[in-house]
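Student: Give the three-dimensional model of this entry:
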Amino acid sequence: MSQNITDFSLDDTQLAASEQAMTDLETNLSGMVAMSTAQRRKLARMGDKSEAFCRQTLAVLAQNPQVVPPSLKLAEAQADLEALDRLRPLVLRLQRLAERATDTEIALGSDVMRCALDGYALLKVSGRNQGLEGLRKELGTRFARTARNSEGTPEPA
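Tutor: Sure thing, here's the model as predicted:
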């Protein structure tokens, strides 16, 4: 029995508007960085507990500028913290949207796959009488199993 998890569709106008919105986002957020996995691994992480520590330390340093050498770059850290506070709500929205897009992609693919499997089953039953046996066999190659020989099993002589 066919399934229909979603009836999502995207017309040309919606697609063009979405593409333009993505371009606008990329333009407006062009200052964001991309890092390799190795770069990410090397960085100190600011988790929840660390964030409270960082905020409090920056506040104490700002209140006591006499102990802050110029090399510490406190103003840059304060600007980074403000940017982080502004970026987080956007990241949350983007993550939710990306998750919904991924779920929709999976649902659409599943709907198509379920229909194709159901249709293939129909071809197996009624396709013989309709001159579709060759096409059914060609489609059946998707299910062909390859012989696997595990390393511990000796080859027959």
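
Student: Check the burial of Glu105 by counting its neighbours.
Tutor: 12 (other Cβ atoms under 10 Å). Where C-beta positions appear, they are placed from N, C-alpha and C, glycine not excepted.

Student: Following element in sequence after whatever helix or strand it lives in, please.
Tutor: For Glu105, the host element (DSSP states H and E) is helix 74-126. The helix or strand immediately downstream of helix 74-126 is helix 133-140, counting by DSSP H and E.

Student: Just want the angle from that following helix to helix 74-126.
Tutor: Angle between the axes of helix 133-140 and helix 74-126 is 150 degrees (criterion: axes from the mean of the first three to the mean of the last three Cα atoms, to 10 degrees).

Student: Quick one: mean pLDDT over helix 133-140.
Tutor: For helix 133-140, the mean per-residue pLDDT is 76.

Student: can you check stretch 117-127 too?
Tutor: 81.

Student: Show me the contact partners of that stretch.
Tutor: With contacts defined as Cβ atoms under 8 Å, 6 or more residues apart in numbering, stretch 117-127 is touched by Met1, Ser2, Leu132, Glu133, Leu135, Arg136, Leu139, Gly140.

Student: in stretch 44-53, what counts as buried?
Tutor: Across stretch 44-53, burial judged by 16 or more other Cβ atoms under 10 Å covers no residue at all.

Student: still on that earlier bit, closest to Thr104 out of the contacts of stretch 117-127?
Tutor: Thr104 has its nearest neighbour among the contacts of stretch 117-127 in Ser2, at 18.0 Å by Cβ to Cβ.

Student: how far away is the closest one from Glu51?
Tutor: Distance, Ser2 to Glu51, using Cβ to Cβ, to the nearest Å: 49 Å.

Student: Next, Ser9: secondary structure please.
Tutor: State at Ser9, reduced to three classes by DSSP: H, G, I helix; E, B strand; the rest coil: coil.

Student: right, and Asp111 touches Asn4 too?
Tutor: Yes - using Cβ atoms under 8 Å, Asp111 is in contact with Asn4, at 5.8 Å.

Student: Going by contacts, tell me the helices and strands next to the helix-or-strand element of the chain with minimal mean pLDDT.
Tutor: Ranked by mean pLDDT, DSSP states H and E, the weakest helix or strand in the chain is helix 133-140, scoring a mean of 76. If you count contacts as 3 or more Cβ pairs under 8 Å, 6 or more residues apart in numbering; DSSP states H and E, helix 133-140 packs onto helix 74-126.
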